[in-house]
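Peer 1: Sharing a model prediction with you, sequence too.
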Amino acid sequence: MKNLLFLLLCTISGIAAGPDLPHLREDYDYIIIGAGTAGGYLAHRLSTADSKKSVLLLETGPNTLSSGGINEMENPNLFSLVPGNFVENVAQSRTNYLYTIAPQAELENRVLTYHRGKGLGGTSTINYMAWVKGYKGDYDEWAHIADDAEFSGTEGWERIKQLESFDPTGLPASYSRYAVPDLSNHGNSGTIHNSLPKNPIPGLATFIDGCIEAGIPKSLDINSGKNIGVGIAQMAIFKGARVSSATQCLNSEGDLGAGLRKQSNLHIKVETKVERVIFEGLKAVGVQVVGGRIYRAKREVIISAGFIDSPKLLLLSGIGPKEDLEILNIKVVSDSPNVGKNMLDHSTILLDPIFKQDLQVPTSNSFWQEPDHVLWEKYKWAHSYNSGAGEGMGEMTRFGGSSAIAFIKFTPEEREQWPEWEALTTEERARFLDPDRPDTEIFYFLGYRPPGKVIPMGSEQNSYARLFLLQQNNLSRGSISLKSADPAEQPLIDPRYFSHPYDVRIAVEAVKAAVKIFKTKALSACFVGMEFVGATEDPPFIRDCPEREEKNHEKGKLTGGFYTNGIDLTDDAEIEKWLRKKGLGQGYHGMGTCRMGAAGDPLRVVDSGGRVVGVEGLRVADTSVIPVVMNNHPQVSAYLVADVIADSILRDV
Ligand SMILES: Cc1cc2nc3c(=O)[nH]c(=O)nc-3n(C[C@H](O)[C@H](O)[C@H](O)COP(=O)(O)OP(=O)(O)OC[C@H]3O[C@@H](n4cnc5c(N)ncnc54)[C@H](O)[C@@H]3O)c2cc1C
């Protein structure tokens, strides 16, 4: 019956129209490299500000835009907009670089996969869609480092409000005590939409109750600018569908869209990888793409290739530490010692709390064990999305679409117990004692067991939730460097997780804090235990469960207690051992590798307008310029960067 309905839905749908690229010229006013989160938004800003200025947007990856119709074969991009499809989006090499990082010295030399989006929208097409603006104090620090108030907690915050559009409606009434957004914190007419969940996942309210019982304050608006507290996450989802820079900025019909935008002064060229920027003397005059073709820029070249590929492109183009470039026989255009240095990231720990019993909701394990059911829900979503109302509906908006978020701060008394606290500088201690600066974040969403994958023995009847413990304010610093002068070769990505001892301490305390939440009355009534999942290698989520701690599970069940598959939570050293061996993983929130700074700042690569110091006509505009580890999820900052730099470019005309 379901299959019949699929066929019917496919038949009544339209046929996808392919992208219709305008005839490409050889020179443009502006060339933007990378149509990612920042690049897509920047192209939109520059091309709509002045129709007489031409913009060329070059992107390595494919066109990711849906182009009408719900036949998967004819419109494969449609399903990437289903919120619950995010795992599949991540798993595809078509839209993910699936980079690997250097063996991590402090993590027993583990080599981990590092995801980065490829194609229109960049990483905003594969991310988890959380819209978390973060702590205003971080924006003030950023403004201070850049000596530019445009990024501050007042002006930067106002900008974010102008570029976003928040929909506060649709949260079921039974959840209204958990979210009462203060609309003065939000914009309502910008290009980038976000919303509260219309169909919350099971356990969301219980998780929040548990956090409150554990002493975490309730946050009725997680985007108030002071992020300590627990509340319902706001997500980059609009009309039941993923919001990316592609859907909002490069689409032919704005919000929902039906394929690539046709605009006479904006040319978008996909599957075109830039190999280097071309200089005449110190002036950037164009770019060379794979195959040797050159496009010329009459005004400026802007690199928006993300925190890995932007420094890579600068280095390949002769801008970087002189000695490093000379070793690789790259002609030095400008000696810029900090290109690729100062990599900032959060780090992540995955824990899976296990519900006592299957809650019999379709998004639990049973749902994922039935591929037909999943497919059915996708088609249901697609049909409702493509119909007149345009609201994607069903279970697939639930999974991926609703989460809770807790930003936690440890007390001064707790800190006094830690030797790593004593070892910090006075300045660092003062910074972390700021009562509004969180130490870590716990992100709660529904567990995912892909069809056909193994569930630990003895827990088949249980449902999993998943926690991401996202460490904030990390003090470890990594780097991006070239392995060779070959543009086809992946650069060396070395986040150096745990290279600062304070990060180790916070990670251990974060695990204990998460377990404490699940031992509260509110939660222990629903949960049987915690599976320590560990960082995932290849690729995350799509993997067998490595832990088969049936005995532990049985013990938990028999005693009515809380099991933790084998890790002794009373022993910090034991937790640390697990984190190093398995538990700590990639944050996917990389930043800082083309650091922004004020004149005289020895660490800077670009100024506050994104201009690359030491050359002319070249800017960087993406998360690589962010100089501070933001207590947020960084897509918001990517849009802010693009917005500020767009204005700077337009002012310079
Ligand atoms: C799995 C995952 C989950 C995440 N979840 C969230 C979340 O829930 N919320 C959140 O806020 N953030 C999240 N993030 C992080 C966030 O999405 C990114 O930090 C942000 O989108 C980065 O934006 P960007 O513009 O700097 O780079 P990107 O969006 O990565 O854009 C770079 C673009 O440049 C292109 N490019 C690169 N090199 C070249 C070249 N040589 N020539 C042409 N094009 C090139 C790339 O293909 C890409 O399209 C997540 C990230 C990942 C990986």
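Peer 2: The structure has been received and is ready for your questions.

Peer 1: can you pull the contacts of the residue in the chain that the ligand sits nearest to?
Peer 2: Across the chain, the shortest distance to the ligand (CB to the nearest ligand atom) belongs to Gly36, at 1.7 Å. C-beta: built from backbone N, CA, C; applies to glycine. Neighbouring residues of Gly36 by CB atoms under 8 Å, 6 or more residues apart in numbering: 59, 117, 121-124, 245, 304-306, 622, 638.

Peer 1: Can you pull the domain assignment for the protein?
Peer 2: Following the TED database, one gets these domains for the chain: 27-66+81-125+245-340+592-623+633-652, 192-241+346-544+554-585.

Peer 1: weakest of those domains in terms of mean pLDDT?
Peer 2: Mean pLDDT is lowest for domain 192-241+346-544+554-585 among these, at a mean of 83.

Peer 1: That one vs the ligand: in contact?
Peer 2: No. If you take CB under 6 Å from any ligand atom as the test, domain 192-241+346-544+554-585 misses the ligand, and the best it gets is 7.1 Å.

Peer 1: That domain: how far from the chain's middle?
Peer 2: Here the centre of domain 192-241+346-544+554-585 is set off from its chain's centre by 14 Å, with CA atoms, centre = their mean, to the nearest Å.

Peer 1: Okay, now that domain: how far is its last residue from its first?
Peer 2: Domain 192-241+346-544+554-585 has its terminal residues 29 Å apart, counting by CA to CA, to the nearest Å.

Peer 1: Also stretch 265-283?
Peer 2: First-to-last distance for stretch 265-283 - CA to CA - comes to 24 Å.

Peer 1: That stretch near the ligand at all?
Peer 2: Yes. Applying CB under 6 Å from any ligand atom, one finds stretch 265-283 touching the ligand at 273-274.

Peer 1: How far off centre is that stretch?
Peer 2: Averaging C-alpha positions (CA atoms, centre = their mean) puts stretch 265-283 26 Å from its chain's average.

Peer 1: Just say which of the domains of the chain is most tucked in.
Peer 2: domain 27-66+81-125+245-340+592-623+633-652 (a mean of 22; mean count of other CB atoms under 10 Å).

Peer 1: Can you give me the end-to-end span of that domain?
Peer 2: End-to-end distance of domain 27-66+81-125+245-340+592-623+633-652 (CA to CA): 19 Å.

Peer 1: What about Phe79, how many residues nearby?
Peer 2: 20 (other CB atoms under 10 Å).

Peer 1: Dihedrals phi and psi, it?
Peer 2: phi -70, psi -20 (degrees, to the nearest 10).

Peer 1: how close does it sit to Leu107?
Peer 2: When distance is defined by CB to CB, to the nearest Å, Phe79 is 34 Å away from Leu107.

Peer 1: can I get the domains of the chain in CSV with distance to Ile145?
Peer 2: Shown next, in CSV, are the domains of the chain (distance: least, CB to CB, whole Å):
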stretch, distance to Ile145
domain 27-66+81-125+245-340+592-623+633-652, 6
domain 192-241+346-544+554-585, 13
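
Peer 1: Can you tell me which of the ones you listed is nearest to Gly156?
Peer 2: When these are compared by CB to CB, domain 27-66+81-125+245-340+592-623+633-652 sits nearest Gly156, at 5.9 Å.

Peer 1: Helices of the stretch 51-200 of the chain, residue ranges please.
Peer 2: Secondary structure of the stretch 51-200 of the chain (DSSP state H, counting those that start in this stretch): helices located at 86-91, 136-146, 155-163.

Peer 1: a markdown table please, covering those and showing distance to Pro435.
Peer 2: Below are the helices of the stretch 51-200 of the chain laid out as a markdown table (distance: least, CB to CB, whole Å):
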| stretch | distance to Pro435 |
| --- | --- |
| helix 86-91 | 34 |
| helix 136-146 | 10 |
| helix 155-163 | 19 |
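
Peer 1: Mind checking the ones you listed for the one nearest to Ser384?
Peer 2: Among those, the nearest to Ser384 by CB to CB is helix 86-91 (18.6 Å).

Peer 1: which of the contacts of Gly36 are close to the ligand?
Peer 2: 59, 117, 122-124, 304-306, 622, 638.

Peer 1: Kindly reformat these as JSON lines containing distance to Leu650.
Peer 2: As requested, the ones next to the ligand among the contacts of Gly36 are exported to JSON lines (distance: CB to CB, whole Å):
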{"residue": "Glu59", "distance to Leu650": "22"}
{"residue": "Gly117", "distance to Leu650": "27"}
{"residue": "Gly122", "distance to Leu650": "22"}
{"residue": "Thr123", "distance to Leu650": "25"}
{"residue": "Ser124", "distance to Leu650": "23"}
{"residue": "Ser304", "distance to Leu650": "16"}
{"residue": "Ala305", "distance to Leu650": "21"}
{"residue": "Gly306", "distance to Leu650": "23"}
{"residue": "Asp622", "distance to Leu650": "18"}
{"residue": "Ala638", "distance to Leu650": "19"}
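
Peer 1: Check the gap between the residue lying closest to Ser195 once chain neighbours are set aside and His373 for me.
Peer 2: Computed as CB to CB, 6 or more residues apart in numbering, the closest residue to Ser195 that is not its neighbour in sequence is Asp167, at 4.0 Å. Per CB to CB, Asp167 is found 29 Å from His373.

Peer 1: Quick check: beta-bridge partners of the nearest residue to Ala513 once chain neighbours are set aside?
Peer 2: Leaving aside its sequence neighbours, Ala513 sits nearest to Ile408 (CB to CB, 6+ apart; 5.7 Å). With DSSP bridges as the criterion, Ile408 is bridged to Thr440.

Peer 1: Verify the contact between Ile408 and Phe443 for me.
Peer 2: No. Using CB atoms under 8 Å, Ile408 makes no contact with Phe443, being 11.5 Å away.

Peer 1: Turn the contacts of Gly36 into CSV, including distance to Val606.
Peer 2: Below are those laid out as CSV (distance: CB to CB, whole Å):
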residue, distance to Val606
Glu59, 21
Gly117, 22
Gly121, 23
Gly122, 19
Thr123, 20
Ser124, 22
Ser245, 20
Ser304, 12
Ala305, 14
Gly306, 15
Asp622, 11
Ala638, 15
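
Peer 1: measure stretch 127-140 end to end?
Peer 2: 26 Å.

Peer 1: going forward, begin numbering at 13 instead of 1
Peer 2: Shifting the count to begin at 13 puts that one at stretch 139-152.

Peer 1: Is that stretch in proximity to the ligand?
Peer 2: Yes. Counting by CB under 6 Å from any ligand atom, the ligand is contacted by stretch 139-152 at 139-142.

Peer 1: Now flag whichever of those residues is closest to Arg305.
Peer 2: Asn139 (31.2 Å).

Peer 1: Contact partners for the closest one?
Peer 2: 98, 129, 600, 645, 647.

Peer 1: picking that back up, wait, which of the contacts of Gly48 is closest to Asp448?
Peer 2: Ala650 (23.1 Å).

Peer 1: Make sure that closest one is actually in contact with Gly46.
Peer 2: No. With contact defined as CB under 8 Å, Ala650 does not count as touching Gly46 (10.9 Å).

Peer 1: Quick check: nearest residue in space to Pro349, chain neighbours excluded?
Peer 2: Using CB to CB, 6+ apart and skipping residues adjacent in sequence, the residue nearest Pro349 is Pro333, 4.8 Å away.
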